[in-house]
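In: please work out how this folds:
(one chain, ligands or ions: 2)
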Amino acid sequence: MHRTATLLEDLSVEITARDTATLVAHAGDLPAGTRVSVTHLGTEGAPERREAAAAAARAELVPVPHLAARRLGSESELRDALDGLRAHDAHERLFVVGGDPRTPAGPYASALDVIRSGLLAEAGVAEVGITGYPEGHPAIADEALWAALRDKTAAIADQGLTASVTTQFSFDADAVVAWIERARALGIAAPIRVGVPGPAGVRRLVAFARRCGVGTSAGIARKYGFSLTSLVGTAGPDRFVEELTSRLEDAHGEVRLHLYTFGTLAATIDWARAAREAAVPAERP
Ligand SMILES: NC(=O)C1=CN([C@@H]2O[C@H](COP(=O)(O)OP(=O)(O)OC[C@H]3O[C@@H](n4cnc5c(N)ncnc54)[C@H](O)[C@@H]3O)[C@@H](O)[C@H]2O)C=CC1
Ligand SMILES: Nc1nc(=O)c2c([nH]1)NC[C@@H]1CN(c3ccc(C(=O)N[C@@H](CCC(=O)O)C(=O)O)cc3)CN21
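Out: Ligands and ions are numbered 1, 2, ... in the order given. You can find the predicted model right below:
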């Protein structure tokens, strides 16, 4: 398939539990089998996240619930979360992230600690998603990030599980392509889902970028499609996707798109459908 079509056909979306009703209402506009990540925030509980994942599964989508290691208070909290997901058949794919809390709430200080617990494999998880940072991380040194990526990939394989990588959102296609090349050069062969925000208000994007420690230099932002001096208006990932597409080659391995929806799930689904239809024109009789 053409590369743009592949990126757009098999993209994934990331929601929070409170997007569940919107997801159910608009699921029909996503291809069956689309992966739906459910962010692990401190403001939403495990039952709501589990319900969001279950709703995705019922809608013929593939849930990817997130677990933030530092938000887990105890081993039994992890066991309960896995059991709850399993009861809804929403445990096959998980995304494990360290999490923002400065101090871990319980025994897991990093994603690696959760993976090494062995509880994921025991619960019947098949695939474990981990992070990637094309623009680095404000509080974690680059060397530590690359070491973590290597160690997590190895630990996932040791547990007999499959790894995939989803990158922190970025507005900079050059940084993303350079990051993919470095990862491949280091022997990371897992599929990489490139994180980018869905269409959203510029003010919102700037606020989330600040909150998540993602750079928005004026030049990059302008290229992406938003002006930092004029915060009114909406910016979408069109140019980013176009540029990413034009730069990707077979040597980059399996690469997909991951859309962080930041409260704009319906608009993101509309955007994805329009982009898909533009890339793969319906066959004429
Ligand atoms: N990329 C994403 O979608 C999300 C990222 N986060 C971020 O997760 C970060 C780390 O998670 P992963 O990338 O999975 O790393 P990780 O858990 O694999 O850890 C990588 C390295 O950073 C250290 N570390 C982990 N969390 C930290 C924190 N909050 N502060 C300082 N050092 C930390 C670990 O000890 C380890 O050395 C959080 O700080 C947060 O910024 C949180 C939610 C979603
Ligand atoms: N460093 C870091 N921390 C994160 O928590 C994080 C990232 N990076 N990268 C992207 C993902 C996506 N993230 C988020 C975070 C918040 C909302 C959000 O919509 N928050 C609502 C409140 C939702 C609620 O509390 O139920 C908001 O209006 O802020 C969405 C995605 C969190 N993630």
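In: contacting residues around residue 233?
Out: By Cβ atoms under 8 Å, 6 or more residues apart in numbering, the contact set of residue 233 is 201, 202, 226, 227. Glycine gets a C-beta too; all of them are placed from N, C-alpha and C.
In: ok and the residue in this structure nearest ligand 1?
Out: Closest approach between the chain and ligand 1, counting by Cβ to the nearest ligand atom: residue 98, at 2.5 Å.
In: next one: that residue from residue 70, what distance?
Out: Residue 98 is 6 Å from residue 70, where distance means Cβ to Cβ, to the nearest Å.
In: who in this structure is up against ligand 1?
Out: The interface of the chain toward ligand 1, taken as Cβ under 6 Å from any ligand atom, is made up of 68-70, 97-100, 109-112, 131, 139-140, 144, 148, 152, 168.
In: which of those are buried, as a ChimeraX select command?
Out: Selection of buried members from the residues of the chain next to ligand 1 for ChimeraX, criterion 16 or more other Cβ atoms under 10 Å:
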select :68,69,70,97,98,99,110,111,112,131,148,152,168
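In: what ranges do the strands span in the stretch 151-285 of the chain?
Out: 162-167, 192-197, 200-201, 234-235, 255-260 (DSSP state E, counting those that start in this stretch).
In: and residue 116, how close does it get to ligand 2?
Out: Separation of residue 116 from ligand 2 (Cβ to the nearest ligand atom, to the nearest Å) stands at 22 Å.
In: contact partners for the residue nearest to residue 104 when sequence neighbours are not counted?
Out: In this structure, residue 104 finds its nearest non-sequential neighbour in residue 70, 4.2 Å apart by Cβ to Cβ, 6 or more residues apart in numbering. Going by Cβ under 8 Å, 6+ apart, residue 70 touches 98, 99, 100, 101, 103, 104, 105, 108, 109, 110.
In: ok so, going back, tell me which of the strands of the stretch 151-285 of the chain sits most buried.
Out: Ranked by mean neighbour count under mean count of other Cβ atoms under 10 Å, the strands of the stretch 151-285 of the chain are led by strand 192-197, which reaches a mean of 25.
In: same for that strand, what does it pack against?
Out: For strand 192-197, the contact count by 3 or more Cβ pairs under 8 Å, 6 or more residues apart in numbering; DSSP states H and E identifies strand 162-167, helix 173-185, helix 238-247, strand 255-260 as packing neighbours.
In: compare the ones you listed and report which one is nearest to residue 88.
Out: Among the helices and strands packed on strand 192-197, the nearest to residue 88 by Cβ to Cβ is strand 162-167 (20.9 Å).
In: quick one on the thing from earlier: of all the strands of the stretch 151-285 of the chain, which one comes closest to residue 209?
Out: Across the strands of the stretch 151-285 of the chain, residue 209 has its closest neighbour in strand 192-197 (8.5 Å, Cβ to Cβ).
In: pretty sure residue 37 contacts residue 17?
Out: No. At 11.6 Å, residue 37 does not count as touching residue 17 under the criterion of Cβ atoms under 8 Å.
In: the two: who's more crowded?
Out: residue 37 (29 against 23; other Cβ atoms under 10 Å).
In: list the beta-bridge partners for the more buried one.
Out: residue 14, residue 64 (DSSP bridges).
In: do stretch 88-104 and ligand 2 meet at all?
Out: Yes. Under the criterion of Cβ under 6 Å from any ligand atom, ligand 2 is reached by stretch 88-104 at residue 100.
In: A helix includes residue 66, no?
Out: No. Counting by DSSP: H, G, I helix; E, B strand; the rest coil, residue 66 is not part of a helix but strand.
In: returning to that earlier point: need the helices and strands packed on strand 192-197 in JSON lines (columns: mean pLDDT and distance to residue 267).
Out: Formatted as JSON lines, these follow (pLDDT from 0 to 100; distance: least, Cβ to Cβ, whole Å):
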{"stretch": "strand 162-167", "mean pLDDT": "98", "distance to residue 267": "21"}
{"stretch": "helix 173-185", "mean pLDDT": "98", "distance to residue 267": "21"}
{"stretch": "helix 238-247", "mean pLDDT": "94", "distance to residue 267": "13"}
{"stretch": "strand 255-260", "mean pLDDT": "97", "distance to residue 267": "10"}
